[in-house]
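Colleague: Following is a predicted model, sequence given first.
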Amino acid sequence: VTEWLTKDWTSPVYDFFDPTPTIETKGDQCVHNFKCMVKGCKVKIWRFFDKKDAHSTGNIHKHVKNCWGVEVLQAADEAKNAKEAYMKIVG
């Protein structure tokens, strides 16, 4: 199931979160719960399945900017893919 759900998640910004988000319910709606990978960070970003912006990365970008820093986010955004983003940031 995870592979099917994540096939469209091509933005390098997803690499700052646990690669397998949990699937939870909030009220009567299903959400993906993305957990930040910074040690000690407790932030989880919810993304509702049935909203028109279900594929938006806006809140994910905001958190990366606040948690990892502007320069790191810019390097990820300028990368062509996740591997290039990793090499620019960690490499």
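Modeller: All right, it came through fine.
Colleague: any idea how far G27 is from the most centrally placed residue in the chain?
Modeller: Nearest to the mean C-alpha position of the chain, counting by CA atoms, centre = their mean, stands Y14 at 3.3 Å. Using CB to CB, to the nearest Å, Y14 is found at 25 Å from G27. Glycine gets a C-beta too; all of them are placed from N, C-alpha and C.
Colleague: Could you count how many residues lie near P12?
Modeller: 23 (other CB atoms under 10 Å).
Colleague: I should have written V70 there, sorry.
Modeller: 10.
Colleague: go on, the one 10 residues further on?
Modeller: The tally of other residues near K80 (other CB under 10 Å) stands at 8.
Colleague: Pretty sure it sits in a strand.
Modeller: No. Assigned with DSSP: H, G, I helix; E, B strand; the rest coil, K80 falls outside any strand and is coil.
Colleague: Report the secondary structure element holding N66.
Modeller: Per DSSP states H and E: N66 is located in helix 58-67.
Colleague: Measure how far that helix is from the centre of its chain, please.
Modeller: Per CA atoms, centre = their mean, to the nearest Å, the displacement of helix 58-67 from the mean C-alpha position of its chain is 9 Å.
Colleague: Residues touching it, excluding its own?
Modeller: 11, 13-14, 16-17, 34, 36, 38, 41, 43, 45, 47, 72-73, 76 (CB atoms under 8 Å, 6 or more residues apart in numbering).
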